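In: compute the structure for the input listed below.
(one chain, ligands or ions: 1)
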Amino acid sequence: MNINCTAELAEMRPLLRRFVTDQLEPLSRQIDATGVVAPQAMARLREQGYLGMRLSPEWGGGGLDLSTYCLVMEEVARSHRAYTLMLDTTSGLTPIAIERHGTDAQKRKYLAQLASGEWLASFALTEPDAGSDAAALSTRAVKVAGGWKIDGLKHYISAAHRAQVLMVLAVTDPALRARGGITAFLVDKGMPGMSVDRVDKTIGSDPIELGEVRFDACFVPDEAVLGQLGQGFAIAMGSLTSGRMGVSAACIGVADRLIELGVQYAKDRVTFGQPLSQRQSIQWMLADSATELAHARTMAYEVMRRLDAGEDVGSGPSMVKLFCSEMVGRVADRVVQIFGGSGLIRGVPVERFYRDVRHYRVGEGSSEIQRMMIARALFEA
Ligand SMILES: Cc1cc2nc3c(=O)[nH]c(=O)nc-3n(C[C@H](O)[C@H](O)[C@H](O)COP(=O)(O)OP(=O)(O)OC[C@H]3O[C@@H](n4cnc5c(N)ncnc54)[C@H](O)[C@@H]3O)c2cc1C
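Out: Here you go, the predicted model:
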């Protein structure tokens, strides 16, 4: 069953698929062999206009809506998780927040560089004692002459060591905290007092790296405040809504590719004189996966379309993120099972997808936190 968001997106998909297969897939094999993303990957995404896609054309962006961004996310995710990070750091959480809430000077300073992929942006919310309970953050910004002095520690920040700018959430009024006492700051790489102390590797593929960022009396000028003073938490939560749709799209893309790989392997692999594809237990694993994927697509495309139309979707993004991230985990598990021993060998894509998709149930709000938000909406209704 072919489920697409809109007729225009259905038309875009084959071209996008060809680009990913011809231009990115060979580089994905290189990433797995070397652990490093070749600069051509960024260059190829830039040439196609896929970096900064959601930013205005005024800044060199594509001015595209969320549904189109998610289609590209879905298709690049079929090849490698590293490409989804490139889209996010040039057109995701922080770039979108700058476009929505930045001053003209901030937009001029950052957006063209982000849209071209010259610069990357990170989103620094999580701290050792503030993960799911993000409002519990303790990074503090205190007013001083001409600016702010930031002290605190952020961790698990995607690409922090590669980013030229970080959107940092800090407490500016401890009495108000998430109700008007948290502010977003744009902190440039190399500001005195800011350092990336450690870079953690994850269970996922090598290019997925998380930085620990320390702020030690780090001075930023008044112009570094993003949006209204005290509105940082709302700005961050606004970005996370579309971020969750991007994550969901990546889950859909990976599940689609995994099913394709599983079907092909089941046709090719012969045991006891017959291809695996003839075995009902194998067929059912793929049938369940395809059914769940269709469900994920239907739900995700509907919520994306309504977000693009400016409609209130309530806890829709949480439902989509919860379902898609758990769905791709089940699909990856089944497909690795179909591959048998070969699904566990490094260098085989299903093995890498299996490890990479584990992030999706934790990052940008874990499954438990999505359930909490869905339940909260039910009880508040
Ligand atoms: C790959 C990856 C990339 C990331 N990138 C970024 C980034 O760029 N920027 C950023 O700011 N952060 C980032 N993070 C951090 C991520 O957002 C946090 O890890 C996540 O929010 C969970 O926080 P925690 O790790 O502190 O877990 P905790 O909050 O300690 O939670 C531990 C477990 O308890 C559960 N739990 C917590 N509270 C409750 C509750 N009330 N009820 C039931 N269960 C609960 C959680 O779901 C989880 O299973 C990233 C994480 C990963 C894995």
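
In: interface residues of the protein facing the ligand?
Out: 122-126, 131-132, 156-158, 202, 208, 210, 359, 362-363, 366, 368-369, 372 (C-beta under 6 Å from any ligand atom). Heads up, the C-betas are built off the backbone N, CA and C, glycines and all.

In: buried ones among those residues?
Out: Neighbour-count burial (16 or more other C-beta atoms under 10 Å) is assigned, among those, to 122-126, 131, 156-158, 202, 208, 210, 359, 362-363, 366, 369.

In: which outside residues touch stretch 70-85?
Out: 5, 9, 12-13, 16-17, 20-21, 24-25, 27-28, 31, 37, 41, 45, 50, 53, 87, 158-159, 204-205, 207-208, 245-246, 248-254, 256-257, 300, 304, 356, 359 (C-beta atoms under 8 Å, 6 or more residues apart in numbering).

In: over to stretch 166-175?
Out: With C-beta under 8 Å, 6+ apart, stretch 166-175 has contacts from 93-94, 97-98, 121-125, 134, 137-141, 143, 148, 150, 152, 154, 157, 160, 177, 180-187, 189, 213, 215, 226, 229-230, 232-233, 236.

In: what segments of the stretch 51-200 of the chain are helices?
Out: Assignment of helices within the stretch 51-200 of the chain using DSSP state H, counting those that start in this stretch yields the ranges 66-77, 81-91, 93-101, 104-115.

In: make JSON lines out of those and add mean neighbour count.
Out: Output for the helices of the stretch 51-200 of the chain, formatted as JSON lines (neighbours: other C-beta atoms under 10 Å):
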{"stretch": "helix 66-77", "mean neighbour count": "26"}
{"stretch": "helix 81-91", "mean neighbour count": "25"}
{"stretch": "helix 93-101", "mean neighbour count": "23"}
{"stretch": "helix 104-115", "mean neighbour count": "18"}
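
In: make TSV out of the ones you listed and add mean pLDDT.
Out: Rendered in TSV, the data for the helices of the stretch 51-200 of the chain read as follows (pLDDT from 0 to 100):
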stretch	mean pLDDT
helix 66-77	97
helix 81-91	95
helix 93-101	96
helix 104-115	97
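
In: surely residue 245 meets residue 299?
Out: No. The pair residue 245 and residue 299 fails to qualify as a contact (C-beta atoms under 8 Å) at a distance of 10.9 Å.

In: with neighbour numbers in mind, choose between these two.
Out: It is residue 245, of residue 245 and residue 299, that has more neighbours when counted by other C-beta atoms under 10 Å, with 26 against 18.

In: so the protein: which segments form each domain?
Out: Following automatic domain parsing, one gets these domains for the chain: 7-115, 121-230, 234-380.

In: and the residue of the stretch 101-250 of the chain nearest the ligand?
Out: When scored by C-beta to the nearest ligand atom, the stretch 101-250 of the chain has residue 131 as its residue closest to the ligand, at 1.7 Å.

In: and that residue, how far from residue 74?
Out: Relative to residue 74, residue 131 is positioned 27 Å away (C-beta to C-beta, to the nearest Å).

In: am I right that residue 307 sits in a strand?
Out: No. Counting by DSSP: H, G, I helix; E, B strand; the rest coil, residue 307 falls outside a strand, being helix.

In: give the contact list for residue 136.
Out: 129-130 are the contacts of residue 136 under C-beta under 8 Å, 6+ apart.

In: what about the contacts of stretch 70-85, which are in helices?
Out: 9, 12-13, 16-17, 25, 27-28, 31, 41, 45, 87, 245-246, 248-254, 256-257, 300, 304, 356 (DSSP state H).

In: and residue 193, how many neighbours does it have?
Out: For residue 193, the neighbour count with other C-beta under 10 Å is 15.

In: give the contact list for it.
Out: By C-beta under 8 Å, 6+ apart, the residues touching residue 193 are 150, 215-219.
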